[in-house]
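Trainee: Kindly generate the corresponding structure for this input.
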Amino acid sequence: MSGGFLVSFEQALSAESIQPADASSAMLVGRVWSKTAGGPCPVLISEGEVFDLTPLAATISALLEIDGLVDALRDPSRFASLGSLDAFLRGEAGDLLAPADLQAVKAAGVTFADSMLERVIEEQAKGRSAARAGNSRPAGPRPRRQSQRPRRRLRQGGRGQEAAPGARSLVAVPRSGHRSGC
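Mentor: Here you go, the predicted structure:
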């Protein structure tokens, strides 16, 4: 499909549909909320199975700091299985979580300067109330945020796209009515 994106709300996800084409030769790590472990776990996904990596590290952040990590993950059988990826997608074994846990995630784009300024102000305010923190802000008008991308609206379906029977889908479309590449 060229340009835009299609989201189906009524089609069930499967391990096969969400993994990359080279999943059989890839080393996929992620994070799940495991019902078995009773909390969040860094995991290795291999051949549709989810393996608990907490014996190596309790967080993804710590996991990614391990020297020789690739070698440590070559044999998934040395880790306990938490269930199939399909079971996680159905919510039976737990839930998939965003992979970032304690890592610093840097922002870029229009909000980066504003976000950085707010973090500095929060640090300077040292927990004081918002009114007192306001004194740390520079005087004068705040810069107005303007998106560099055209505003989009969502509409069902898309030109030349067939959804599965009974599926509802949304496509992002710029105000001009022409889809742009995302």
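Trainee: can we go C-alpha only for contacts and neighbour counts from here?
Mentor: OK.
Trainee: Okay, strands next: where are they in the protein?
Mentor: 7-8, 28-34, 39-46, 49-52, 81-84, 94-97, 152-156, 169-174 (DSSP state E).
Trainee: Give me the angle between the third one and strand 28-34.
Mentor: With axes from the mean of the first three to the mean of the last three CA atoms, to 10 degrees defining the directions, strand 39-46 sits at 140 degrees from strand 28-34.
Trainee: In its sheet, which strands sit next to strand 39-46, and in what direction?
Mentor: strand 28-34 (antiparallel), strand 49-52 (antiparallel) (DSSP bridges).
Trainee: Neighbours of residue 31, how many?
Mentor: Using other CA atoms under 10 Å, residue 31 has 23 neighbouring residues.
Trainee: Enumerate every residue touching the residue nearest to it when sequence neighbours are not counted.
Mentor: Leaving out its chain neighbours, the residue that sits closest to residue 31 by CA to CA, 6 or more residues apart in numbering is residue 42, at 4.4 Å. By CA atoms under 8 Å, 6 or more residues apart in numbering, the contact set of residue 42 is 29, 30, 31, 32, 52, 53, 54, 57, 58, 59, 60, 63.
Trainee: Out of these, which end up buried?
Mentor: 29, 30, 31, 32, 52, 53, 54, 57, 59, 60, 63 (16 or more other CA atoms under 10 Å).
Trainee: Residue 113 versus the residue nearest to the first one when sequence neighbours are not counted, what's the distance?
Mentor: Spelled out, it's residue 29. In space, residue 29 comes closest to residue 44 once its chain neighbours are excluded; the distance is 4.5 Å by CA to CA, 6+ apart. Using CA to CA, to the nearest Å, we find residue 44 at a distance of 36 Å from residue 113.
Trainee: Name the residue in these two with the higher neighbour count.
Mentor: residue 44 (22 against 12).
Trainee: From residue 100, how far off is that one?
Mentor: For residue 44, the distance to residue 100 - CA to CA - is 14 Å.
Trainee: Ok, residue 62 next?
Mentor: Residue 62 is 11 Å from residue 100, by CA to CA.
Trainee: can you pull the buried residues of the longest helix along the chain?
Mentor: The helix that spans the most residues within the chain, counting by DSSP state H, is helix 112-125. Buried positions in helix 112-125, judged by neighbour count with 16+ other CA under 10 Å: 121, 122, 125.
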